[in-house]
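Colleague: After the sequence you'll find the predicted model.
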Amino acid sequence: MTLTLTLHTHSTVPLEVEGVTPDAVHGMTPDQVRRLPIYQGNQTVELGEFFRVEGDPSDNQMVWEGMLEGVHWIGAKMAAGRIEIRGSAGRHVGSQMQGGTIEVFGNVGDWVGAEMRGGSIFVRGNAGHLAGAAYRGSAQGMNRGTLLIWGNAGNEIGHSLRRGLIAVGGQVGDLVGWNLLAGTILVFGNCGIRHGAGMKRGTIGLLGPEPPPLLPTFRRACRYRPLVALLFLRKLRGWGFPVPEEILEADIVLYRGDMLEGGRGEIWTRADLS
């Protein structure tokens with residue numbers, strides 16, 4: 001039986017479970033897992049005080065169950081294995097992870113995949129702000145890996161992204177790809193304003209039905225149908241991601257920018273079909 005951690009005692013104070021990952025507990029007994037230290041606010045407690053621990057940790061798989069909105073840092077810094085979150089979770093899911101897969105059957109809070117360095121995160125719900133972003137004061141955000149969000153997301157998606165792919169199936173807020181260094185962000189719903197501010201390279205696809213206003217430091221280049229866009233879309237569909245059918249046949253309007261940073265980045269918007 002896969003190692004299953006079920007929240008049995010609700011806490012009004014946030015729980016932080018950083019370090020409880022499949023690769024970290026591999027080779028432990030369930031009793032050893034129960035005794036792992038976690039944080040309840042600023043107090044150290046044992047994992048077993050709040051979670052029922054069942055199953056075998058040896059297969060590098062882990063399941064988290066329960067009302068986990070107040071449980072933060074699930075999967076943070078994991079290097080290998082697979083985590084399944086059955087329900088919604090708190091902030092920092094998969095933060096700084098280096099490998100493996102996290103699949104969430106619910107919503108997540110802010111900072112999902114922040115500064116991740118590899119692996120895959122699939123969120124089959126909504127996400128908060130700063131998905132795949134850099135922490136305040138850091139030079140780089142997500143640097144390799146794949147972050148897919150089936151639903152909506154908040155502001156500053158992919159802030160300072162360095163490498164990797166972020167895709168959002170629903171709507172997002174403002175400042176997609178702020179200070180983007182490289183990598184790819186694709187958004188299939190409508191979005192806010194000021195996207196790509198300070199971007200140096202990379203690609204931002206704002207492919208919702210209502211193209212947003214762009215900053216004046218971006219210049220329209222052409223209308224075309226890039227092969228690389230089709231490859232990305234087919235890859236996303238291979239993961240079961242909800243890519244609208246009309247996008248596969250749509251033309252793309254290409255904008256270059258941010259001209260204040262050399263103009264080597266690109267923003268795609270969906271061409272007007274009228």
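Modeller: Everything's here; your move.
Colleague: Contacts only, for Phe51.
Modeller: Phe51 sits next to 5-8, 34, 66 when contact means C-beta atoms under 8 Å, 6 or more residues apart in numbering. C-beta coordinates here come from the backbone N, C-alpha and C atoms, glycine included.
Colleague: Which residues does it form beta bridges with?
Modeller: Here Phe51 sits in beta bridges with Leu7, going by DSSP bridges.
Colleague: just to revisit the earlier point, tell me the buried residues within the contacts of Phe51.
Modeller: Among those, the ones that count as buried by 16 or more other C-beta atoms under 10 Å are 5, 7, 34, 66.
Colleague: of all those residues, which comes closest to Gly87?
Modeller: Gly66 (6.7 Å; C-beta to C-beta).
Colleague: Distance check, the closest one against Leu5.
Modeller: Distance of Gly66 to Leu5, computed by C-beta to C-beta, to the nearest Å: 8 Å.
Colleague: swap in Phe122?
Modeller: Distance from Phe122 to Leu5, counting by C-beta to C-beta: 19 Å.
Colleague: For the protein, name the helix or strand with the lowest mean pLDDT.
Modeller: Lowest mean confidence among the helices and strands of the chain (mean pLDDT, DSSP states H and E): helix 245-248, at a mean of 88.
Colleague: any idea which helix or strand comes after that one?
Modeller: Helices and strands here follow DSSP states H and E; after helix 245-248, the next one along the chain is strand 252-257.
Colleague: ok now that following strand, how far from the chain's centre?
Modeller: Computed by C-alpha atoms, centre = their mean, to the nearest Å, the separation of strand 252-257 from the middle of its chain amounts to 24 Å.
Colleague: for this structure, which helix is longest?
Modeller: Assignment by DSSP state H gives helix 227-238 as the longest helix of the chain.
Colleague: what's the angle between it and strand 252-257?
Modeller: 110 degrees (axes from the mean of the first three to the mean of the last three C-alpha atoms, to 10 degrees).
Colleague: C-alpha coordinates for helix 227-238, CSV please?
Modeller: Extracted in CSV, the C-alpha atoms of helix 227-238 (Å, rounded to 0.1, in the frame of the first residue of the first chain):
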residue,chain,number,x,y,z
LEU,A,227,5.3,25.5,-35.7
VAL,A,228,6.7,25.7,-32.2
ALA,A,229,3.3,26.8,-30.9
LEU,A,230,1.6,23.8,-32.4
LEU,A,231,4.2,21.5,-30.9
PHE,A,232,3.6,23.0,-27.4
LEU,A,233,-0.2,22.7,-27.8
ARG,A,234,0.1,19.0,-28.9
LYS,A,235,2.4,18.3,-26.0
LEU,A,236,-0.1,19.8,-23.6
ARG,A,237,-2.9,17.8,-25.0
GLY,A,238,-0.8,14.7,-24.6
